[in-house]
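S.K.: Whatever this is, show me its structure:
(one chain, ligands or ions: 2)
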Amino acid sequence: MSVESHTNAKRDDGGAESHNAGAENQHEAPNFLRNQIRSEIESGQATTIVTRFPPEPNGYLHIGHAKSIWVNFGLAEQFGGRCHLRFDDTNPAKEEQAYIDAIQEDIHWLGYQWSGAVRFASDYFDQLYAWAQHLVREGKAYVDDLSPDEIREYRGTLTEPGRPSPYRDRGVDENLDLLERMRLGEFGEGTKVLRARIDMAAPNINLRDPILYRIRHAEHHQTGDAWKIYPSYDFTHGQSDAIEGITHSLCTLEFEDHRPLYEWFLAQLPVPAKPRQTEFARMNVNYTVTSKRKLKLLVDQNVVDGWDDPRMPTISGLRRRGYTPASLRKFCDMTGVSRAANVVDIAMLHFAIRSDLEDNAPRAMCVLNPLKVVLTNVTADHHEVFEVPGHPAREDMGTRRMPLTREIWIDRDDFMEEPPKKFFRLAPGKEVRLRNGYVIRCDEVVKGEDGDIETLYCSVDFDTLGKNPEGRKVKGVIHWVSAEYGVPVEVRLYDNLFLDEAPDRDKDADFLEHLNPESLVTVEGIAEPSLADAEPEARYQFERVGYFCADRHACRDGRLVFNRTVGLKDSWAKIQKKQG
Ligand code: ATP
Ligand code: MG
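M.R.: Ligands and ions are numbered 1, 2, ... in the order given. Prediction:
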């Protein structure tokens, strides 16, 4: 295999291929990465910047990855550079084609396009192997026969130096021969590894002869059975960056201690470029977990309905919940990047989607907890249709048709038999306005045998359309749906998956103990007729109720199911106000 030889400064394919969407959302809030790159460009130290997003295809992407995508694609876009998508596929046992496909779909959905073809670290396996041989020839790598446990034991601790393996001083020829035979599959898993020969007493444990190759007799999704050994992350990442001409290798802080190793390989090997690694803090969000391993557990144990369950913090889950790409990019921007570990309040995520949908989601009425109302002075053949705005401030959203019939549904919560003083909705003898319609008065309450309210008999004041009634004020407005024309819908009321704000805080406890038993409550509602042909993923504000999204799976199967994205209440704005 040949190595593409790219230099950072000049590439003949130019920077023109970066057509990442979302530019309009890429605000200019300063952050240390932007500042750093800007000053490198101003000083001439950098010209074209090239970043990469390097997911491991062992699960679906989550909100933390959205941050990394936003960082890598966003910076490339801002500075006219390029961003590669490179699967970090060195661990075939945990990887799957399904994840590779889902990851690409999520990145596209977020509005980004990688530069050039999809890349795989496994594309570079031949080159990496040649470089491993190079290190062996230079006396900088050796085959070790210690077992994994022994290797750990010999490595020492933070306070004690490590000890050299008895195999550390094998000759070059023997090492080359053993390495080749490892590659061909002559040895069992765990019987040998290739290690760099650096310094068993290095204060940074990552430099105590780190492992370069492990034996694994596994089928690889890209390379099939060609390899019986697989390179470690450390031996793969920096060299892949160098091969691709990555200028800025941006990763999360847990790799900070690996940076000396990243640089050691680049210094020892005849690499075509010298990328630089810069770390930033992982983004964590409270009331959820962002670890693929834990998310996979939720899926495998059927705690949720797959990786894209609307309660999952995965990109596909957020999408199914009703989040928009713009809201997630906005959220990333609001929360910024820094080097200080931080936990973001989930209320900020809610704020980001709420403000998007407030402006962009059409309105609709849907009654979640229906109570029958008979309008006694409306005849059975009464036919009246209110033409009401799709959105109060968006004429481009047109109008929708709300038929009024003798029987309608209202929400049970909008009626009280014995209302407290400030209850401005419906009560016996009291008036309320039907949203976009007339004022009605409750004349009679009919109960069933069990004492539950079954039906309200109300009368319409026909002289109140678009105007106040004569001589009195009616403060309350409630939503409603014609009983004749309304469409039954399933409404899924989602809430946080965990009750504890840091469900995985305690490493020894099971984070599943903190599951919220009411994270999903399903109700049968009645929606206005215009929702009968809601497209999958159509988003609405159900007036007075919240923001909802037509479930992409159910609606495709012809079932009307709406997922609650977020309520109407703006708790983040309140928090901010409180904090002054
Ligand atoms: P997980 O712990 O969920 O498995 P990971 O870091 O192992 O995550 P990768 O597929 O290796 O997952 O991640 C791809 C990129 O996304 C990496 O550069 C990683 O640093 C970044 N990333 C992962 N989680 C976060 C996060 N919470 N915040 C910011 N970046 C993240
Ligand atoms: Mg990883």
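S.K.: got the residues of this structure near ligand 1?
M.R.: Selection of the chain residues close to ligand 1 by C-beta under 6 Å from any ligand atom yields 54-56, 64-65, 67-68, 88, 251-252, 282-283, 290-292. No exception for glycine: its C-beta is placed from N, CA and C like everyone else's.
S.K.: which residue sits closest to the residue in the stretch 451-580 of the chain that ligand 1 sits nearest to, ignoring its sequence neighbours?
M.R.: Going by C-beta to the nearest ligand atom, ligand 1 is nearest to Asp504 of the stretch 451-580 of the chain, at 11.2 Å. Distance criterion C-beta to C-beta, 6 or more residues apart in numbering; nearest residue to Asp504, sequence neighbours excluded, is Phe511 at 4.3 Å.
S.K.: Phe79 too?
M.R.: Ile49 (5.0 Å).
S.K.: Tell me, how many residues neighbour that neighbour?
M.R.: 21 (other C-beta atoms under 10 Å).
S.K.: Ok, the one 4 residues further on next?
M.R.: Burial measure for Phe53: 24 neighbouring residues, criterion other C-beta under 10 Å.
S.K.: ok, what's across the strand from it?
M.R.: Assessed by DSSP bridges, Phe53 has beta-bridge partners Leu85.
S.K.: what sits against it?
M.R.: Going by C-beta atoms under 8 Å, 6 or more residues apart in numbering, Phe53 touches His65, Ser68, Ile69, Asn72, Phe73, Cys83, His84, Leu85, Arg86, Ile107, Trp114.
S.K.: Confirm that the first one lies within a strand, as I assumed.
M.R.: Going back to what we said before, that points to His65. No: using DSSP: H, G, I helix; E, B strand; the rest coil, the secondary structure at His65 is helix, not a strand.
S.K.: Assign Gly525 to helix, strand or coil.
M.R.: Gly525 ends up strand, using three-state DSSP.
S.K.: Touching, it and Val367? I think so.
M.R.: Yes: shown here, Gly525 and Val367 form a contact pair, counting by C-beta atoms under 8 Å, at 5.8 Å.
S.K.: Looking at these two, which one has more neighbours?
M.R.: In this view Gly525 and Val367 are compared by other C-beta under 10 Å, and Val367 has more residues nearby, 28 against 25.
S.K.: who's in contact with the more buried one?
M.R.: Trp409, Ile410, Asp411, His479, Trp480, Val481, Gly486, Gly525, Ile526, Ala527.
S.K.: likewise Val337?
M.R.: Val337 touches Asn31, Phe32, Leu33, Lys67, Val71, Phe280, Ala281, counting by C-beta under 8 Å, 6+ apart.
S.K.: Pull the contacting residues for the last one.
M.R.: Put plainly, it is Ala281. Ala281 neighbours (C-beta under 8 Å, 6+ apart): Thr252, Leu253, Val337, Ser338, Arg339, Ala340, Ala341, Asn342.
S.K.: Name the nearest residue to it, sequence neighbours excluded.
M.R.: Per C-beta to C-beta, 6+ apart, closest to Ala281 is Ala341, 4.9 Å.
S.K.: next one: the fourth one
M.R.: Counting by C-beta to C-beta, 6+ apart, Lys67 lies nearest to Met283, which is 4.3 Å off, once chain neighbours are set aside.
S.K.: Next, give phi and psi for the one you found.
M.R.: phi -100, psi 130 (degrees, to the nearest 10).
S.K.: Is it correct that it is in contact with Asn342?
M.R.: Yes: judged on C-beta under 8 Å, Met283 makes contact with Asn342 at a distance of 7.2 Å.
S.K.: Can you get me a residue count around the residue lying closest to Val561 once chain neighbours are set aside?
M.R.: In space, and not counting its chain neighbours, Val561 is closest to Ala554: 3.7 Å by C-beta to C-beta, 6+ apart. As a burial measure, Ala554 scores 16 neighbours (other C-beta under 10 Å).
S.K.: And for Leu61?
M.R.: Leu61 is flanked by 26 other residues according to other C-beta under 10 Å.
S.K.: now swap in Gln301 and tell me
M.R.: 9.
S.K.: Look up the closest residue to it, ignoring the ones flanking it.
M.R.: Closest to Gln301 by C-beta to C-beta, 6+ apart is Leu512, at 7.6 Å.
S.K.: Would you mind confirming that the one you found makes contact with Val303?
M.R.: Yes: with contact defined as C-beta under 8 Å, Leu512 reaches Val303; the gap is 6.9 Å.
S.K.: between these two, what contacts are shared?
M.R.: With C-beta under 8 Å, 6+ apart, Leu512 and Val303 have common neighbours Leu297.
S.K.: Any regions of the stretch 351-500 of the chain where pLDDT drops low?
M.R.: Under the criterion pLDDT under 70, no range of the stretch 351-500 of the chain is flagged.
S.K.: The same query, at a cut-off of 90, please.
M.R.: Of all residues in the stretch 351-500 of the chain, those with pLDDT under 90 make up the ranges 383, 470.
S.K.: For Asp144, give the beta-bridge partners.
M.R.: Going by DSSP bridges, Asp144 forms beta bridges with Val193.
S.K.: which ones are touching it?
M.R.: Contacts of Asp144 (C-beta under 8 Å, 6+ apart): Ile151, Ser165, Tyr167, Arg168, Lys192, Val193, Leu194, Arg195, Asp209.
S.K.: sorry, back to before: comparing Met283 and Asn342, which shows the higher neighbour count?
M.R.: Met283 (26 against 14).
S.K.: measure the more buried one to Pro419 for me?
M.R.: With distances taken as C-beta to C-beta, to the nearest Å, Met283 is found 45 Å from Pro419.
S.K.: Which one (most neighbours) among the contacts of Asp144?
M.R.: If you rank the contacts of Asp144 by neighbour count (other C-beta under 10 Å), Leu194 sits at the top with 27 neighbours.
S.K.: Got the confidence number for it?
M.R.: pLDDT, Leu194: 98.
S.K.: So it sits against Tyr213, correct?
M.R.: Yes: using C-beta under 8 Å, Leu194 makes contact with Tyr213 at a distance of 4.0 Å.
S.K.: Common neighbours of the two, please.
M.R.: Ala132, Leu179, Met182, Ile229.
S.K.: How about the secondary structure of Asp359?
M.R.: Asp359 - assigned by three-state DSSP - is helix.
S.K.: Buried subset of the contacts of Val337, written for ChimeraX?
M.R.: Those of the contacts of Val337 that count as buried under 16 or more other C-beta atoms under 10 Å are selected in ChimeraX with:
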select :33,67,71,280,281
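S.K.: Mind picking the two most distant members of the contacts of Val337?
M.R.: Taking C-beta to C-beta as the measure, these span a maximum distance of 14.3 Å, between Phe32 and Lys67.
S.K.: before we move on, back to that, now go through the shared contacts of Leu194 and Tyr213 and say which are in helices.
M.R.: The helices, defined by DSSP state H, take in Ala132, Leu179, Met182 from those.
S.K.: neighbours around the second one, how many?
M.R.: Residues within reach of Leu179, counting by other C-beta under 10 Å, total 23.
S.K.: One more: the last one?
M.R.: Residues within reach of Met182, counting by other C-beta under 10 Å, total 20.
S.K.: ok, now how distant is it from ligand 1?
M.R.: Relative to ligand 1, Met182 is positioned 25 Å away (C-beta to the nearest ligand atom, to the nearest Å).
S.K.: Likewise for the first one?
M.R.: Using C-beta to the nearest ligand atom, we find Ala132 at a distance of 22 Å from ligand 1.
S.K.: how about that residue, what does it touch?
M.R.: Applying C-beta under 8 Å, 6+ apart, the residues contacting Ala132 are Ala141, Leu179, Leu194, Leu212, Tyr213, Pro231, Phe235.
S.K.: For the third one, give its distance to ligand 1.
M.R.: What that stands for is Leu194. 22 Å.
S.K.: Helices along the stretch 51-200 of the chain, start to end?
M.R.: Residue ranges of the helices in the stretch 51-200 of the chain, as given by DSSP state H, counting those that start in this stretch, are 63-78, 97-110, 125-137, 148-154, 172-184.
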